[in-house]
Every structure is written in structure tokens, then in C-alpha cells.
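Asker: Okay, predicted coordinates and the sequence, questions at the end:
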Amino acid sequence: MNAEFIEALRILEKEKGIDVEILLEAIEAALISAYKKNFGSSQNVRVEIDRHSGDIHVYYRKEVVEHIEDERTEISLEEAQKHDPEFELGDVFESEVTPKSFGRIAAQTAKHVVVQRIREAERNMVYDQYMTKVDEVINATVLRQENKNIYVELGKSEALLAPSEQIPNEKYYQGYRMKVYVLEVKKTTKGPQVMVSRSHPGLLKRLFEWEVPEIHDGTVEIKSVVREPGMRSKIAVYSKNENVDPVGACVGAKGMRVQNVVNELGGEKIEIIHWDEDPANYVSNALSPAKVISVRVNEGEKFAQIIVPDFQLSLAIGKEGQNVRLAARLTGWKIDIKSQSQAELLHLFDDETEEDAEDAFENEAEIEEIYEEFEPESAKEADEEESLTDREEDVVEE
């Protein structure tokens with residue numbers, strides 16, 4: 001080794017961010033093992049690399065003792081004082097034993113150690129970099145597909161988009177650019193593994209934070225987000241400022257803000273609703289775009305009974321129950337929907353006290369038996385109105 005080697009290490013320090021001193025200490029430790037292996041030494045040795053010239057020196061070390069028990073690690077006080085009269089019991093005696101042929105071995109060992117440390121440093125840098133980005137959205141480019149796993153490029157690193165985190169029916173081809181949500185960063189034997197998602201509700205939330213300044217500055221708050229990836233989403237928003245319409249802020253002028261999010265998610269339908277501290281109003285809003293006639297809630301059971309116009313029943317339930325399912329997940333309430341004619345038959349419009357309302361919830365099983373008579377007809381109506389429902393949803397969204 002020489003001064004050029006030391007200079008090369010300093011260049012690595014700037015490029016990779018690895019402290020030169022850490023590298024040199026690692027090389028010294030590796031050279032000790034190399035010396036003992038190649039020269040069959042069982043002595044206690046120390047290797048020193050000159051920080052300026054790069055020269056290597058190997059020293060054997062022995063403890064100064066009064067009576068020698070192991071000549072490989074101990075030296076008598078008398079013998080040590082022949083070299084330096086100031087030696088005392090317990091001191092460490094050192095003598096240089098650098099082999100003439102040690103340079104080649106040292107160079108090979110140093111190369112191996114430096115390469116290994118560079119890999120470790122790069123892995124640690126990737127781990128530290130992306131640990132700070134967990135729960136954030138970043139840009140990614142598709143690199144390749146292996147089985148059903150998609151590998152994407154994040155700057156100089158790779159990330160895994162697992163099948164469970166992909167949007168159904170979304171096509172991923174090499175070079176495809178998209179935004180992904182960072183789920184977690186795992187440490188593995190092959191280095192850190194970054195896990196990303198396209199289906200997580202957090203992706204929708206972060207995209208709105210990017211698009212809507214009012215959310216970013218805290219004027220508008222996102223209270224809840226639910227998704228059925230690639231199909232439909234609901235997001236509940238709220239603002240303490242009475243002069244700010246949270247839904248309007250998220251929609252944007254001519255719907256541009258929400259449309260940008262929709263485009264990023266491949267056309268996924270997004271419904272933005274007002275969050276309300278009153279459970280009845282919140283549940284009613286969550287069933288948008290359906291119009292609700294009345295809402296009766298049991299806060300103890302977190303159960304809401306909804307009555308809608310007959311022609312809005314299929315819209316409130318949604319295709320394959322999607323609308324009511326998302327509303328229930330958004331609010332955290334169990335929701336039962338009945339049409340106006342069904343409610344009249346079951347006398348659900350009678351003025352009741354709170355105790356009577358609780359009795360009605362307790363007799364829900366009896367009501368369900370009566371309601372079963374309407375299910376075949378309701379299912380038939382839902383099928384007939386399926387295409388009409390889609391058009392109604394589009395009109396309401398516009």
C-alpha cells in the first residue's frame with residue numbers, strides 16, 4: 001500500500017459517505033487475521049497503517065510478567081528491560097515482525113474489506129433513506145416483472161410491488177411511471193427490501209395532500225379514507241374554517257384537482273363527502289350519491305337504519321353492495337338500508353321515543369324476516385336498474 005491507496009480511500013469517503021478511519025480500522029482488523037492465517041502465527045499481533053504514507057507495520061504484542069507461563073503471549077520483565085529499562089510489570093511489549101512478502105497479501109485483503117464495507121454502507125444508506133419515507137408517496141418506474149411481483153426503480157434503489165398491493169387490472173410494463181406508497185423497509189440478508197403499494201388508502205390520502213393546498217396547510221382535514229382499488233373510493237373531509245368548503249377545495253376548479261388524482265389511479269371513481277360529528281349526518285353523507293329520507297342511529301351498537309326513496313334503493317346499496325359497504329367502512333357504523341315503501345309497511349315512520357327506537361333495533365331479527373319477502377323483487381330491480389344506476393352516479397358526480 002502507498003499514499004495513492006490512502007487518497008483512493010478519501011475519494012470513496014466523498015462518493016459513498018464512508019469515513020476513511022472506519023475503512024482503515026476494518027482493513028487493520030482484516031490484516032491481523034490474514035497475517036495469522038498465512039504465517040501460522042498464534043501470537044497476539046497488532047497491524048498499523050500509516051495514515052499519510054499508507055505503509056503497513058505488523059507488531060507482535062506480549063505482556064510483561066514476572067514468571068512466563070505462555071511464551072507466545074508473555075515476556076519476562078528482565079527481557080523486556082533489555083530493550084527499554086522503563087518497562088514495568090503489566091506493560092505491553094511490542095516488536096515489529098512485518099514480513100517482506102506481506103504486501104501482496106495486504107493488498108488482496110484490503111480490496112476485499114473495502115468492497116465489503118462499500119456494500120454494507122450502501123445498504124445502510126438505502127435503509128436509512130427509505131425508512132424516513134415510510135407512509136409517503138414517491139415516484140417510481142417499472143423495471144421488470146417476476147412471476148406476479150413487480151420491481152420498480154426508486155432513484156438508485158429497487159422496491160417490490162407485491163401482487164396484494166397492486167391495483168387489479170392495472171397494466172405494468174417496463175418504463176411505466178407511477179406514484180407508489182412506501183409501506184415498509186425490511187432488512188434482509190441481501191440488503192434492505194423496500195415494500196411499496198398502489199392499493200393502500202394512504203396513497204389516495206397523500207395524493208390529495210399533494211393536489212390540495214388547503215389539506216397541506218391544515219385548513220382542510222382528511223378524516224377517513226376507504227378504497228376498493230381500481231374501482232371506487234370514498235374520502236371524508238372537514239374544515240374548522242366556516243368560510244372554506246372542504247369538498248369544493250378537494251374537487252377544485254372544474255374538478256381538476258380530483259381529476260388529477262383519478263388519472264393517477266387509473267380512473268378509480270372517487271367520492272368526496274363532508275365529515276360530520278353528528279353520526280346521523282355523517283352516515284347520510286357517506287351514502288352519497290343516494291339521497292336519504294331519514295336516519296335512525298343506535299350509538300351503543302353503532303348501528304344506523306337508513307330509509308331512502310324507492311327509486312334510490314339500488315343506488316344507495318350500489319352495484320354488488322359496493323356503496324353501502326364503503327360507507328360502512330368509512331364511518332365505522334353498521335348500516336341497514338330500506339326503501340320508503342318497505343319502511344311504511346314496517347311502520348318505521350312512526351314517531352318514537354328513544355326507548356321505542358332501541359326496541360326497534362332489538363326486534364331487528366323480526367324485521368329481517370319480513371324484509372326477506374322483498375329481497376327477490378329488490379334484487380330483480382337492482383339488476384334492471386344497474387345500467388341506470390351507473391348513469392345516475394355519473395350525473396351526481398358531475
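Answerer: Nice, I can see it. Residues are numbered from 1 along each chain as shown.

Asker: show me where the stretch 251-398 of the chain has helices.
Answerer: For the stretch 251-398 of the chain, the helices defined by DSSP state H, counting those that start in this stretch occupy 256-264, 279-286, 313-317, 322-331, 340-345, 354-362, 364-371, 375-384, 386-397.

Asker: relative to helix 322-331, how tilted is the second one?
Answerer: Here helix 279-286 runs at an angle of 140 degrees relative to helix 322-331 (axes from the mean of the first three to the mean of the last three Cα atoms, to 10 degrees).

Asker: is it true that Leu154 touches Pro192?
Answerer: No - using Cβ atoms under 8 Å, Leu154 makes no contact with Pro192, being 11.4 Å away. C-beta coordinates here come from the backbone N, C-alpha and C atoms, glycine included.

Asker: joint contacts of these two?
Answerer: Common contact partners of Leu154 and Pro192 (Cβ atoms under 8 Å, 6 or more residues apart in numbering): Tyr130.

Asker: Asn38: what secondary structure?
Answerer: helix (DSSP: H, G, I helix; E, B strand; the rest coil).

Asker: ok, it - contacts?
Answerer: Counting by Cβ under 8 Å, 6+ apart, Asn38 makes contact with Ile105.

Asker: Excluding covalently adjacent residues, which one is nearest to Tyr282?
Answerer: Closest residue to Tyr282 apart from its sequence neighbours, by Cβ to Cβ, 6 or more residues apart in numbering: Asp276 at 4.4 Å.

Asker: Then Glu48?
Answerer: His57 (4.9 Å).

Asker: Could you measure from the one you found over to Glu79?
Answerer: His57 sits 22 Å away from Glu79, going by Cβ to Cβ, to the nearest Å.

Asker: can you check Gly175 too?
Answerer: 73 Å.

Asker: Those two: which is more packed in?
Answerer: Set Gly175 next to Glu79 and count neighbours by other Cβ atoms under 10 Å: Glu79 wins out with 13 against 8.

Asker: and the helix or strand encompassing Arg144, what other elements does it pack with?
Answerer: Element membership for Arg144, per DSSP states H and E: strand 137-146. Where contact means 3 or more Cβ pairs under 8 Å, 6 or more residues apart in numbering; DSSP states H and E, strand 137-146 is packed against strand 149-154, strand 157-161, strand 177-188, helix 201-211.

Asker: so the helix or strand just after the longest one versus strand 149-154, what angle?
Answerer: Proceeding C-terminally, strand 177-188 gives way to strand 191-197 as the next helix or strand, assigned by DSSP H and E. Relative orientation of strand 191-197 versus strand 149-154 (the same axes, to 10 degrees): 100 degrees.

Asker: quick one: strands adjacent to strand 191-197?
Answerer: Partners of strand 191-197 in the sheet, by DSSP bridges, are strand 157-161 (parallel), strand 177-188 (antiparallel).

Asker: Pull the residues that contact it.
Answerer: Contacts for strand 191-197 (Cβ under 8 Å, 6+ apart): 119, 122-123, 126-127, 130, 140, 152, 154, 157-162, 165, 180-187, 203.

Asker: same check, this time on stretch 161-173
Answerer: Residues contacting stretch 161-173 (Cβ under 8 Å, 6+ apart): 140, 142, 145, 148-152, 180, 183, 195-200, 229-231, 265-266, 268.

Asker: Just the buried ones from those, in PyMOL syntax?
Answerer: This is how PyMOL selects the buried members of the contacts of stretch 161-173, with burial counted by 16 or more other Cβ atoms under 10 Å:
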select buried, resi 140+142+150+152+180+183+195+196+197+198+199+200+229+230+231+265+268
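
Asker: shouldn't Asp245 be in contact with Ser239?
Answerer: Yes - Asp245 lies in contact with Ser239 (Cβ under 8 Å); the separation is 7.5 Å.

Asker: what's near enough to touch the residue positioned nearest the centre of the chain?
Answerer: Nearest to the mean C-alpha position of the chain, by Cα atoms, centre = their mean, lies Leu183 at 1.6 Å. By Cβ under 8 Å, 6+ apart, Leu183 lies in contact with Val134, Glu165, Met195, Val196, Ser197, His200.

Asker: Repeat the analysis, applying 10 Å as the threshold.
Answerer: 134-135, 159-162, 165, 194-197, 200, 202-203 (Cβ atoms under 10 Å, 6 or more residues apart in numbering).

Asker: and what of Val212?
Answerer: Neighbouring residues of Val212 by Cβ under 10 Å, 6+ apart: 219-220, 222, 237, 246, 249-252, 257-258, 260-261.

Asker: Relative to Pro246, how far out is it?
Answerer: Distance from Val212 to Pro246, by Cβ to Cβ: 9 Å.

Asker: Residues that sit against both of the two, list them.
Answerer: Common neighbours of Val212 and Pro246 (Cβ under 10 Å, 6+ apart) are Thr219, Val220, Ile222, Val237.

Asker: how much space between the last one and Glu78?
Answerer: When distances are taken as Cβ to Cβ, Val237 and Glu78 turn out to be 87 Å apart.

Asker: Same drill for those two, tell me which one is more crowded.
Answerer: Val237 (24 against 10).

Asker: Make sure that one is indeed in a helix.
Answerer: No - using three-state DSSP, the assignment for Val237 is strand, not a helix.

Asker: Isn't it up against Glu271?
Answerer: No - using Cβ atoms under 10 Å as the test, Val237 is too far from Glu271 to be in contact (11.0 Å).
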